[in-house]
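Asks: I would like the atomic coordinates for the input below:
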Amino acid sequence: MRVAIRGRRTLGEVRAQLNQVLDRLESLGATHTQGANLYVNLYTEEGLQFVAVSGDGEEVEILEIPLSWRTQAEERRAAPTQASGNVVLFPRK
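Replies: Numbers count the residues shown, from 1 in each chain. As a prediction, this is how the structure comes out:
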């Protein structure tokens, strides 16, 4: 299923609209997914293209949410990984 959110929006507006989409899917009887992809075209408030850059200066192409989310307590006990919170950063090649 394709979900399209058109027009320039703030990330807060996109977040709210994605929640509306999920609410609508639940109202249609959907209860699970097996993966989902979200492609975003990032721009500044002035309409200039925005490039996301990681802390080490690499352009970020993919943000991946790991399959198993851990609680904050589990994160504190875990050994350091490539993950930053619940997001893994993949630099552009």
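Asks: how many residues are close by L42?
Replies: When neighbours are defined as other C-beta atoms under 10 Å, L42 has 10 of them. Every C-beta, even on glycine, is put in place using the N, C-alpha and C of the backbone.
Asks: surely it and L48 touch.
Replies: No - the pair L42 and L48 does not pass the contact test of C-beta atoms under 8 Å, sitting 9.9 Å apart.
Asks: can you verify V60 is assigned to a strand?
Replies: Yes - counting by DSSP: H, G, I helix; E, B strand; the rest coil, one finds V60 located in a strand.
Asks: walk me through the domains of the chain.
Replies: When the chain is parsed with automatic domain parsing, its domains come out as 1-38, 51-93.
Asks: return the distance of the first one from the chain's centre.
Replies: The chain centre lies 12 Å from the centre of domain 1-38; the measure is C-alpha atoms, centre = their mean, to the nearest Å.
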